[in-house]
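1. got a sequence here, can you model it:
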Amino acid sequence: MSFELPDVFLIKYDSIDEEHHEIVACVNTLLDISENGSSDVFEDAFDHLIKMMEEHFRHEEKLMADVGYDGLKWHTAHHAENLVSLRELYETCLKKGKVETADIYFCFDHLIKDVAQADLRFSEFLQIKSTRNQNGDLDQE
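-> From the prediction side, this is the model:
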């Protein structure tokens, strides 16, 4: 089994979707580690996942700032909460000495929640802004 990001969650802006797919690939790597009985050597893969998410969140927040996204403050706080949860899970896995399938589901769930609860709002903002720009309704920036 492996995880996939449903097409309904595509943002279609800059490299956001590509980054989401790369994060899913990292989660799938963790799943492979867990399912193949090598769950005690998960640290590098989990650390890589967290670093990928940090990098993605920074990039996404920069894109949002660049277009004047009015939900940036909330979105940034949402990202910070996600990272805290993932780091706590990582520490828990370190203490128990392994990563389990349930832990991997938790990681994927966090990605899906980020996209569904936050990124789709940004996508909607971009669509509205694009429509207004095409109609000439937005103020000059």
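
2. going forward, measure contacts between C-alpha atoms and count neighbours the same way
-> Noted.

3. does the residue most central in space within the chain sit in a helix or strand, and which one?
-> Centrality entry for the chain: nearest residue to the mean C-alpha point is Leu111, 4.4 Å, by Cα atoms, centre = their mean. Leu111 is located in helix 101-114, with elements delineated by DSSP states H and E.

4. tell me the pLDDT at the residue nearest to the centre of the chain?
-> Residue-level confidence at Leu111 comes out at 92, pLDDT.

5. cool, and Glu141?
-> Glu141 is given a pLDDT of 41.

6. pLDDT of the helix or strand in which Ile128 is found, averaged?
-> With elements taken from DSSP H and E, the one containing Ile128 is helix 120-135. Mean per-residue pLDDT for helix 120-135: 90.

7. circling back: the helix holding Leu111 packs against which elements?
-> Contact partners of helix 101-114 among helices and strands, from 3 or more Cα pairs under 8 Å, 6 or more residues apart in numbering; DSSP states H and E: helix 16-35, helix 72-96.

8. deepest in the core, which of these is it.
-> Across the helices and strands packed on helix 101-114, the average number of neighbours (mean count of other Cα atoms under 10 Å) peaks for helix 16-35, which reaches a mean of 19.

9. how far away from the center of its chain is that one?
-> 10 Å (Cα atoms, centre = their mean, to the nearest Å).

10. show residues contacting that helix.
-> Outside helix 16-35, the residues that touch it by Cα atoms under 8 Å, 6 or more residues apart in numbering are 2-5, 10-11, 39, 41-42, 45-46, 48-49, 52-53, 56, 60, 99-101, 104, 107-108.

11. got the buried residues for the helix holding Leu111?
-> Asp103, Ile104, Cys107, Phe108, His110, Leu111, Ile112, Asp114 (16 or more other Cα atoms under 10 Å).

12. ok, stretch 4-16 next?
-> Leu5, Leu10, Ile11, Ile16.

13. end-to-end on that stretch?
-> Chord length of stretch 4-16, first to last residue, is 15 Å (Cα to Cα, to the nearest Å).

14. only the C-alpha atoms, please, for stretch 73-88, written as PDB.
-> Backbone C-alpha positions of stretch 73-88 (Å, rounded to 0.1, in the frame of the first residue of the first chain) are rendered in PDB as follows:
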ATOM      1  CA  LYS A  73      -1.100  34.900   9.500                       C
ATOM      2  CA  TRP A  74      -3.600  32.100  10.200                       C
ATOM      3  CA  HIS A  75      -1.900  29.800   7.700                       C
ATOM      4  CA  THR A  76       1.500  30.400   9.200                       C
ATOM      5  CA  ALA A  77       0.200  29.500  12.700                       C
ATOM      6  CA  HIS A  78      -1.400  26.400  11.100                       C
ATOM      7  CA  HIS A  79       1.900  25.300   9.700                       C
ATOM      8  CA  ALA A  80       3.600  25.900  13.000                       C
ATOM      9  CA  GLU A  81       1.100  23.700  14.800                       C
ATOM     10  CA  ASN A  82       1.600  21.000  12.200                       C
ATOM     11  CA  LEU A  83       5.300  21.000  12.700                       C
ATOM     12  CA  VAL A  84       5.000  20.800  16.500                       C
ATOM     13  CA  SER A  85       2.800  17.800  16.100                       C
ATOM     14  CA  LEU A  86       5.200  16.100  13.700                       C
ATOM     15  CA  ARG A  87       8.200  16.800  15.900                       C
ATOM     16  CA  GLU A  88       6.400  15.400  18.900                       C
END
